[in-house]
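Undergrad: what shape does this take:
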Amino acid sequence: MERSNGLLQKQPSDAEMAAYRETLRRLLTDAFGGDLTWWYVADRAGSTLICSDDEYDVIKHRHFEIREKSVVLIECISELKRNAARSFAATASREVSSLGALMNILRQFHRFATQLKKRHAGRETLTIKDEHDVHDLLHALLLMHFLDVRPEESAPSFAGASPRLDFLLKEEQIVVEVKKTRESLTERGLCDELLADIARYQKHPNCKILVCFIYDPETRITNVSGLVSDLESTPSAMPVHVFIGPQH
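TA: Okay, the predicted model is just below:
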């Protein structure tokens, strides 16, 4: 648009017009990719000025072409804004759907773990004794709902350490951090660990949402609301969601 306004203030030469048309072509093909519809419209714009031979004024015709192409360019800008809005809405919808599915898994995790204990004829089963057991069960559940589940994904170095994400849902760009309460881990210690995770995971390029799952079957956490509030209100470049289960 700046180029158009500048050319309208002068008598553009053949070279300037050729450069203007080429710039416009590249701009629109970059903006719309393989869809050349807008470029075809812009290319034809300004070619319909009707005048007799003795009335033909090359500068007048070039100014007319520039103005017509500017009208098309304004419409292209509006189309790009509409496309961006549709894309944002679709992405937001997918994020809500994926996050909802994940939170439902976490809500049902304790029921699933409890049901595993009820094997036919007393057969062996997996009993959750520590955080590793929670990881294994949750991994299986995540694979039922998400295609690309990456356990122990490397995270950027933080304070001299190179931590690993518990789970990365790659397509959804959601990171799941898993904790299990234990006698040797205080609420303050648990909170500090997760605060450190929140700080370091912000640097991961695929972490757009962080979900912290705290499994507390022995109800060691006395102030669930306070812990959730402290973690979710921590200043962060990404949304942080905390779920403590089972819910009491």
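Undergrad: look up how far residue 238 lies from the residue sitting nearest the centre point of the chain.
TA: Centroid check for the chain by C-alpha atoms, centre = their mean gives residue 208 as the closest residue, at 5.4 Å. Here residue 208 is placed at a distance of 6 Å from residue 238 (C-beta to C-beta, to the nearest Å). Glycine gets a C-beta too; all of them are placed from N, C-alpha and C.
Undergrad: on that earlier part again, my read: the residue nearest to the centre of the chain touches residue 171, true?
TA: No - using C-beta atoms under 8 Å, residue 208 makes no contact with residue 171, being 11.2 Å away.
Undergrad: output the below-cut-off pLDDT ranges for this structure.
TA: Along the chain, segments meeting pLDDT under 70 span 49-55, 89-96, 153-163, 248.
Undergrad: domain assignment for it?
TA: The record's domain parsing of the chain by automatic domain parsing lists 2-86, 126-245.
Undergrad: distance from the longest one to the middle of the chain?
TA: Taking C-alpha atoms, centre = their mean, to the nearest Å, one finds domain 126-245 lying 19 Å from the centre of the chain it belongs to.
Undergrad: just the terminal-to-terminal distance for that domain.
TA: This stretch, domain 126-245, spans 18 Å end to end (C-alpha to C-alpha, to the nearest Å).
Undergrad: so that it lines up with my notes, have the first residue be 251 from now on.
TA: OK, 251 is where the count begins now, so the last one is domain 376-495.
Undergrad: tell me where this protein has strands.
TA: Assigned by DSSP state E, the strands in the chain fall at 399-404, 414-419, 424-430, 459-465, 490-495.
Undergrad: okay, helices next: where are they in the chain?
TA: Remark: helices assigned in the chain by DSSP state H are 252-258, 264-282, 287-294, 308-366, 381-395, 437-451, 474-482.
Undergrad: so what's the nearest residue to residue 474 once chain neighbours are set aside up against?
TA: Distance criterion C-beta to C-beta, 6 or more residues apart in numbering; nearest residue to residue 474, sequence neighbours excluded, is residue 494 at 5.2 Å. By C-beta atoms under 8 Å, 6 or more residues apart in numbering, the contact list for residue 494 reads 464, 466, 471, 474, 477, 478.
Undergrad: separation between residue 494 and residue 393?
TA: Taking C-beta to C-beta as the measure, residue 494 falls 23 Å from residue 393.
Undergrad: over to residue 350?
TA: Distance from residue 350 to residue 393, by C-beta to C-beta: 18 Å.
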